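In: here's a sequence, model it:
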Amino acid sequence: MTRYRALLLFSLSFVPCGQLACGEGAGNAGYASVETDGAPVVARYGELVLSSYSNALEKAQSLASALDELGTVPSTESFSRAKAAWLASRPDYLQTEAFRFYGGPIDDEDGPEGRINAWPMDEVYMDYVEGNPMGGIISNSTQYPDLAPDTLKALNLIGGEENIATGYHAIEFLLWGQDSSPTGPGARPLSDYLPAESPSAARRATYLRSLGQVLTSDLASVRDQWVDSGTTYRKAFAALPVKTAIGLILTGIGSLSGAELTHERLQVAYDTKSQEDEHSCFSDNTHVDHVNDELGIVNVYLGRIGDDDGPGLDDLVAARDPALDREMKERMLAAQQAIGSIPKPFDQALVGDDAAPGRIQIKAAIDALKAQTETLTKVAKILNVPLNLE
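Out: Take a look at the predicted model:
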């Protein structure tokens with residue numbers, strides 16, 4: 001859902017190769033086939049997705065409660081609690097991004113991803129910015145008298161993909177405001193929520209409460225599609241041929257590793273050196289986003305729920321090619337270390353020439369993610385499953 005997607009999407013696909021070319025039967029003599037040994041991996045994946053979205057929803061509900069409190073009783077304490085709740089909600093959601101990119105309930109034709117985590121945003125579409133104190137939906141009560149959840153959903157992405165009206169980053173902007181500080185996040189004043197000090201305070205509070213309702217409703221709708229009952233998406237996913245399901249699982253983490261995290265979230269910001277191109281630019285929380293996106297990839301590959309691993313893709317790969325499994329785990333560890341070593345705040349790591357320490361580390365993370373994505377293509381090949389990466 002970004003302005004760069006059309007320029008940055010790339011395609012890598014191959015037709016499932018023949019038995020000998022892919023090493024069918026190589027490795028562990030007890031290995032039967034993806035169709036046989038892959039079924040527990042697909043089942044485990046369904047459990048992981050449900051658990052992850054349940055965690056994300058729980059944190060979003062806590063955030064919505066904090067936004068209600070801020071809107072009802074604005075104070076220094078409620079303002080701080082709302083910001084803390086936003087920060088606490090991000091890791092769990094970012095880990096779910098490993099379940100995107102293959103037309104599942106989060107980002108199919110009717111999926112709510114564009115209402116949940118779209119970025120970058122044109123801030124003045126929603127509220128005032130420096131140089132335009134009366135900008136945005138919030139200030140324009142004549143054109144936008146109603147700020148109910150359904151209204152905001154209808155306004156999201158209208159007229160341009162930067163016209164973001166809902167989601168985590170809309171909430172982030174209403175909590176922190178524009179970030180003009182070289183050392184810290186934005187500094188939106190509490191007075192923006194005090195009716196005695198801001199003519200838009202009541203509308204801003206209403207807008208914020210509606211954002212919490214939209215976020216929790218959208219996440220609940222996705223979570224419910226991964227419940228193992230009725231006619232949910234999870235039931236349909238489990239009924240797919242095992243190779244097809246494994247291919248979708250790999251497409252999710254491969255697309256996140258490559259087109260999304262490597263290119264849109266790191267390479268673009270590295271090239272432009274623009275704070276506007278970092279993921280959570282208002283709160284300076286971008287480093288947390290990147291770390292948890294990578295953690296989501298790790299969770300899927302290992303079949304990890306909490307502290308419990310497997311059955312995972314690693315079991316299938318190790319049975320066929322132990323060396324490739326070790327390579328994949330080394331690639332993931334290298335990516336985690338490189339991303340975690342980017343100096344904070346991320347926007348300051350972008351500046352300077354290419355010899356600047358921050359830019360060196362961002363480039364190292366980009367290179368580590370590229371290597372990880374390349375190894376994921378080898379994983380798909382050894383498992384003899386189709387892979388279509390954005």
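In: pLDDT averaged over the lengthiest helix in the chain - what is it?
Out: Longest helix of the chain, by residue count under DSSP state H: helix 39-72. What helix 39-72 shows for mean pLDDT is 98.
In: mind listing what's buried in that helix?
Out: 40-46, 48-57, 59-64, 66-71 (16 or more other Cβ atoms under 10 Å). Heads up, the C-betas are built off the backbone N, CA and C, glycines and all.
In: repeat that for stretch 308-328.
Out: 309, 311-321, 324-325, 327-328.
In: just stretch 127-142 next, same as before
Out: In terms of neighbour count (16+ other Cβ under 10 Å), stretch 127-142 has its buried residues at 127, 128, 129, 135, 136, 137, 138, 139.
In: can you check stretch 97-107 too?
Out: Neighbour-count burial for stretch 97-107 [16+ other Cβ under 10 Å]: 97, 98, 99, 100, 101, 102, 104, 105, 106, 107.
In: relative to residue 177, which of the residues you listed is nearest.
Out: Set against residue 177, the nearest of those by Cβ to Cβ is residue 97 (25.4 Å).
In: surely the closest one and residue 296 touch.
Out: Yes. The pair residue 97 and residue 296 qualifies as a contact (Cβ atoms under 8 Å) at a distance of 5.7 Å.
In: overlap in contacts, the two.
Out: Common neighbours of residue 97 and residue 296 (criterion: Cβ atoms under 8 Å, 6 or more residues apart in numbering): residue 256.
In: residues contacting the closest residue to residue 303 other than its chain neighbours?
Out: Closest residue in space to residue 303, ignoring its immediate chain neighbours: residue 312 at 2.9 Å, by Cβ to Cβ, 6 or more residues apart in numbering. Residue 312 is in contact with 41, 44, 300, 301, 302, 303, 304, counting by Cβ under 8 Å, 6+ apart.
In: try 6 Å
Out: 301, 302, 303 (Cβ atoms under 6 Å, 6 or more residues apart in numbering).
In: scan those residues and report the most crowded one.
Out: residue 301 (25 neighbours; other Cβ atoms under 10 Å).
In: for it, give its distance to residue 333.
Out: Per Cβ to Cβ, to the nearest Å, residue 301 is found 11 Å from residue 333.
In: now swap in residue 380 and tell me
Out: Computed with Cβ to Cβ, the distance linking residue 380 and residue 333 is 20 Å.
In: same check on residue 230?
Out: 39 Å.
In: which of these two has more neighbours?
Out: Neighbours per residue (other Cβ under 10 Å) separate residue 230 from residue 333, with residue 333 holding more: 13 against 9.
In: in three-state terms, label that one for me.
Out: Following DSSP: H, G, I helix; E, B strand; the rest coil, residue 333 is assigned to helix.
In: hang on, residue 44 packs against residue 309?
Out: No. Using Cβ atoms under 6 Å as the test, residue 44 is too far from residue 309 to be in contact (9.5 Å).
In: who touches both of the two?
Out: With Cβ under 6 Å, 6+ apart as the test, residue 44 and residue 309 both reach residue 303.
In: list the residues that contact residue 147.
Out: 206, 207, 210.
In: what about it, which SS state?
Out: coil.
In: residue 163 versus that one, what's the distance?
Out: Following Cβ to Cβ, the distance that separates residue 147 from residue 163 is 16 Å.
In: same thing with residue 68?
Out: From residue 68 to residue 163 the distance is 26 Å (Cβ to Cβ).
In: show me where this structure has strands.
Out: With DSSP state E as the criterion, the chain has strands at 12-14, 387-389.
In: hey, least reliable of those strands by pLDDT?
Out: Across the strands of the chain, the lowest-scoring stretch is strand 12-14, with a mean of 33.
In: where in the stretch 151-300 of the chain is pLDDT low?
Out: Applying pLDDT under 70 to the stretch 151-300 of the chain flags no residue at all.
In: wait, isn't residue 70 in contact with residue 80?
Out: No. Taking contacts as Cβ under 6 Å, residue 70 lies outside contact range of residue 80: 9.4 Å.
In: what about the residue lying closest to residue 104 once chain neighbours are set aside, neighbour count?
Out: Nearest residue to residue 104, sequence neighbours excluded (Cβ to Cβ, 6+ apart): residue 233, at 6.3 Å. When neighbours are counted by other Cβ under 10 Å, residue 233 registers 19.
In: any idea how far residue 233 lies from residue 361?
Out: For residue 233, the distance to residue 361 - Cβ to Cβ - is 38 Å.
In: same question for residue 380.
Out: Counting by Cβ to Cβ, the gap from residue 380 to residue 361 is 29 Å.
In: now do the same for residue 332: its pLDDT.
Out: 98.
In: now it, nearest residue through space, not along the chain?
Out: Distance criterion Cβ to Cβ, 6+ apart; nearest residue to residue 332, sequence neighbours excluded, is residue 298 at 5.2 Å.
In: distance of that neighbour from residue 71?
Out: Applying Cβ to Cβ to residue 298 and residue 71 gives a distance of 37 Å.
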